[in-house]
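J.: Test case, fold it:
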Amino acid sequence: MIRGVAVGVGSGVIAAIRSVRGWFSAVLHGLGSYILFNAEVVRAFFSPPFESRMVVRQMYEIGVMSLPICLLTSFFVGMVLALQTGYASIAVLNEPVNVGTVVTFSLLKELGPMLTSVVLVGRIGAAITAELGSMSVTEQIDAMYTLGTDPVKYLIVPRLLAFSLMLPLLVVFTNIVGVAGGMLVSAQEPMYTPYTIYWEDSLQYLRIGDFFHGFIKAGVFGIMIATIACYKGFHTGGGAEGVGKATTDSVVTSIAMLLIGDFFLSSLLIALRIG
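T.: The predicted model follows:
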């Protein structure tokens, strides 16, 4: 009996080791494929012709069509920040202190770029993966190669360029609306912070580097989201089920990489004294 238990435990350990090794191998293979894909995108980016119509179309879809939901999200985030900050400062100091400063710095340096990126992952990133994935499983991408059209140049580069341009601009608008939302809440009871005091708190310690801290983050996040979404869609297989799986993987991977990349990018920008 003891021997049987030992054999069972040994088999379980071996199976676990094989599972971890298989997972690690799959991760390395996916990472290598992703790097090669990005190298192909860079090559196509600097080769003529330039698909200006596709870029403008994608900029409209990514930027203009996403603006309402991004503004709505940021407005209520700013309201919640002001509410929580005001009540916390009243509980500790018996009066609302630096509400505008907390709201402004939180949105400009962290919450603005991150929340806008997450909204675009769900709205645009998933759509890009599903669209390219459908083209892949129906062999439309292979047909483009056959007809002499570079699908990376025609499908990937416009989306990447539009994403990297529009996400920072969206973040600028969402930051403004979020700070305004915080201002409306801070003027209500029990805080009763006048608009002039709120704006003075918001601008007193603000530097140009704080703005660029979030702006640079937004640009990098846009590149990350676009490349992951395009890669997952471009390498989709397995029919309709594969498209669904690729879309799910794209959203999960994008959000995970945003959170991980946010920490390292913040550390780098702070080390460079940008914000």
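
J.: Where does pLDDT dip in this structure?
T.: Across the chain, the ranges flagged by pLDDT under 70 are 1-16, 18-19, 22-23.

J.: Just the helices from it, written as ranges.
T.: For the chain, the helices defined by DSSP state H cover 2-45, 52-59, 67-93, 99-106, 112-120, 126-137, 140-146, 151, 157-186, 195-204, 208-234, 239-271.

J.: how about CSV for the ones you listed, with mean neighbour count added?
T.: Backbone N, C-alpha and C define where each C-beta goes, glycine included. Supplementary listing: those in CSV, determined by neighbours: other CB atoms under 10 Å:
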stretch, mean neighbour count
helix 2-45, 11
helix 52-59, 15
helix 67-93, 18
helix 99-106, 23
helix 112-120, 24
helix 126-137, 22
helix 140-146, 14
helix 151, 19
helix 157-186, 23
helix 195-204, 15
helix 208-234, 22
helix 239-271, 16
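
J.: contacting residues around stretch 247-259?
T.: Stretch 247-259 has contacts (CB atoms under 8 Å, 6 or more residues apart in numbering) with 114, 117-118, 121-122, 125-126, 128-130, 133, 221, 224-225, 228-229, 232-233.

J.: Take that stretch, keep the C-alpha atoms, and write them as CSV.
T.: Extracted in CSV, the C-alpha atoms of stretch 247-259 (Å, rounded to 0.1, in the frame of the first residue of the first chain):
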residue,chain,number,x,y,z
THR,A,247,-10.7,37.4,-28.5
THR,A,248,-10.8,36.3,-24.8
ASP,A,249,-7.0,35.8,-24.8
SER,A,250,-6.5,39.2,-26.3
VAL,A,251,-8.5,41.0,-23.6
VAL,A,252,-7.0,39.1,-20.7
THR,A,253,-3.4,39.4,-22.0
SER,A,254,-3.8,43.1,-22.8
ILE,A,255,-5.1,43.9,-19.3
ALA,A,256,-2.5,41.8,-17.6
MET,A,257,0.3,43.4,-19.6
LEU,A,258,-1.1,46.9,-19.0
LEU,A,259,-0.9,46.3,-15.2
